[in-house]
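Asks: sequence and predicted structure are below.
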Amino acid sequence: MRSCPARYGCPSRGSSPSGRDDGPTQSGYHRGVTSFDQTLPATLAALHELEFDYAGGEGMDFEPYDEFFPAEENAAWIRAWTGNASLDGAAYRIFGQDGTGGYAAFWLVREGEPIERQPIVFFGSEGELGVVASDLSDYLWLLADGVGPMEAVEYGAGAPKPHAEFTAFAQTHAPDAKKSGAEVLARASAEFPTFSEDFLAQCGH
């Protein structure tokens, strides 16, 4: 996993934020809860019982986890990705990866809200970075449109590729949140427009 790819022009360690608050705080963002319960929320655990089929590159490149990363693995990951040894990853809960080791995670930015109401972000193994969905309900509808976390950040929504099983799951667990994949990504981008910029400002050398 690469540490803050050079193409992003990451600042030197001397100009990076210090301390343990590794979630972006600019633009009115607030750090969320930091308890490291590794248990997935019930809806996400049920979702991960479904098959994420790569389909030779035509499906979703995603490997779901049975539990969140523990605190020590979170810390090791974010320090390797950013090159900043002062970070601990406490603002993120990793719940799956793509085939190259890019991670999908909840970003615990909404103070006092349950994890299902937190946005979902993706950190690629080659420096790809972005907000995938505003919350778990929107994430379900993104998957229903045939778009996984990696695809959302690397390629956008593209042409809809409805997935029957994920659509049925979304209709059951988030019937009032129905959106197209493009609408999910547009909402997330509008709500957290500087996530990538703010996160990359924490990178060191």
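Replies: Thanks, I have the structure now.

Asks: from residue 149, how far out is the closest residue to residue 39 other than its chain neighbours?
Replies: Nearest residue to residue 39 in three dimensions, chain neighbours excluded: residue 67, at 6.4 Å (C-beta to C-beta, 6 or more residues apart in numbering). Glycine gets a C-beta too; all of them are placed from N, C-alpha and C. Separation of residue 67 from residue 149 (C-beta to C-beta, to the nearest Å): 17 Å.

Asks: these two: which has the busier surroundings?
Replies: Taking neighbours as other C-beta atoms under 10 Å, residue 67 and residue 149 compare with residue 149 leading, 30 against 14.

Asks: would you agree that one is in contact with residue 119?
Replies: No. Using C-beta atoms under 8 Å, residue 149 makes no contact with residue 119, being 11.8 Å away.

Asks: where do the strands of this structure begin and end?
Replies: 63-64, 92-97, 103-107, 120-123, 129-133 (DSSP state E).

Asks: mean pLDDT, mean neighbour count and distance to residue 52 for the ones you listed - can I get that in CSV?
Replies: Putting the strands of the chain into CSV (pLDDT from 0 to 100; neighbours: other C-beta atoms under 10 Å; distance: least, C-beta to C-beta, whole Å) gives the following:
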stretch, mean pLDDT, mean neighbour count, distance to residue 52
strand 63-64, 96, 16, 6
strand 92-97, 97, 24, 8
strand 103-107, 97, 25, 11
strand 120-123, 98, 25, 14
strand 129-133, 97, 23, 14
